[in-house]
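S.K.: give me a 3D structure for the following:
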Amino acid sequence: MFVADRLLPLKAVLVGVIFSFLLPQPGIALSLNEVVANAQNVYEKTDDLKANFLQEVSIKSLGKTNREEGTFYFKKPRQMVWDYTLPKAKKMVISAKTVWLYIPADNVVYVQNAEEVFKTQVIVRFLSGLGKLADDFNITFARSADADKDGDFLLKLIPQSRDFGIKELFLTLNKQFHISQVNFTDSYGNATRLIFRNIKVNNSLPEKFFNFIPPPGTEIYRNR
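M.R.: Got it, this is the predicted structure:
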């Protein structure tokens, strides 16, 4: 088994995932460069973060949409935990070198080289590169108005590299430059929507939090 095969509903996670730094003054419109710069400043001041997430993946070949919820953890550089609680428990732990996908109901864990996941999982790759948005993407406002009725900034990101796996990605930043939503469609026509809520930053998450030890008796499958 391969981690990506078990994670189609996961394929898919925000850019500078997240936090308050500089607020626009009421009545003053920000340019695209200012919006991107503020998001970058927020990311630079973030060592780690925790957020609740809602993930919806519409699988074109099956004609159905999978909806999952849980808690997301991120720590620089390139460490993540996706702790799914609904509709069923599973956990994906990403360290600098290794990825573990643990499915308690099956009593199995799938292990894979982290570099392969960073290359093939769009959302994981996107989140791992949050610090260089302007280097990796051509960025524009998603429509003629730079913000929606709630004052959130709507951005369209086109990867500069063809091997990213998608043609474009849509990002919503709230007034505090937190990323509140990510939308994209992959090369197979599967559409992903990811929403983040209750974001907390700089929680001093320990390194060991991003290392997984399988419970006794768990079957381990390694992708070679």
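S.K.: from now on I want contacts and neighbour counts done on CA atoms only, so please keep to that.
M.R.: OK.
S.K.: quick one: low-confidence parts of the chain?
M.R.: Residue ranges of the chain with pLDDT under 70: 1-28, 129-131, 144-150, 224.
S.K.: so where's the longest helix in it?
M.R.: The longest helix of the chain (DSSP state H) is helix 32-44.
S.K.: what's downstream of it, the next helix or strand?
M.R.: strand 48-59 (DSSP states H and E).
S.K.: for that next one, name the packing helices and strands.
M.R.: Counting contacts by 3 or more Cα pairs under 8 Å, 6 or more residues apart in numbering; DSSP states H and E, strand 48-59 packs against strand 64-75, strand 191-201.
S.K.: still on that earlier bit, can you give me the buried ones in the longest helix of the chain?
M.R.: 35-43 (16 or more other Cα atoms under 10 Å).
S.K.: try stretch 172-191
M.R.: Under 16+ other Cα under 10 Å, the buried positions of stretch 172-191 are 172-186, 190-191.
S.K.: re the thing from before, now the helices and strands packed on strand 48-59 as CSV including distance to Phe126?
M.R.: Listed next are the helices and strands packed on strand 48-59 as CSV, based on distance: least, Cα to Cα, whole Å:
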stretch, distance to Phe126
strand 64-75, 13
strand 191-201, 12
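S.K.: and the strands in the chain, which stretches?
M.R.: Remark: strands assigned in the chain by DSSP state E are 48-59, 64-75, 79-86, 90-94, 98-103, 108-113, 137-141, 153-159, 166-173, 179-186, 191-201, 219-222.
S.K.: reformat these as a markdown table; add distance to Ile213.
M.R.: Shown next, in a markdown table, are the strands of the chain (distance: least, Cα to Cα, whole Å):
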| stretch | distance to Ile213 |
| --- | --- |
| strand 48-59 | 21 |
| strand 64-75 | 17 |
| strand 79-86 | 13 |
| strand 90-94 | 10 |
| strand 98-103 | 9 |
| strand 108-113 | 10 |
| strand 137-141 | 36 |
| strand 153-159 | 35 |
| strand 166-173 | 33 |
| strand 179-186 | 31 |
| strand 191-201 | 25 |
| strand 219-222 | 11 |
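S.K.: quick one, which of those strands is nearest to Leu30?
M.R.: strand 153-159 (9.6 Å; Cα to Cα).
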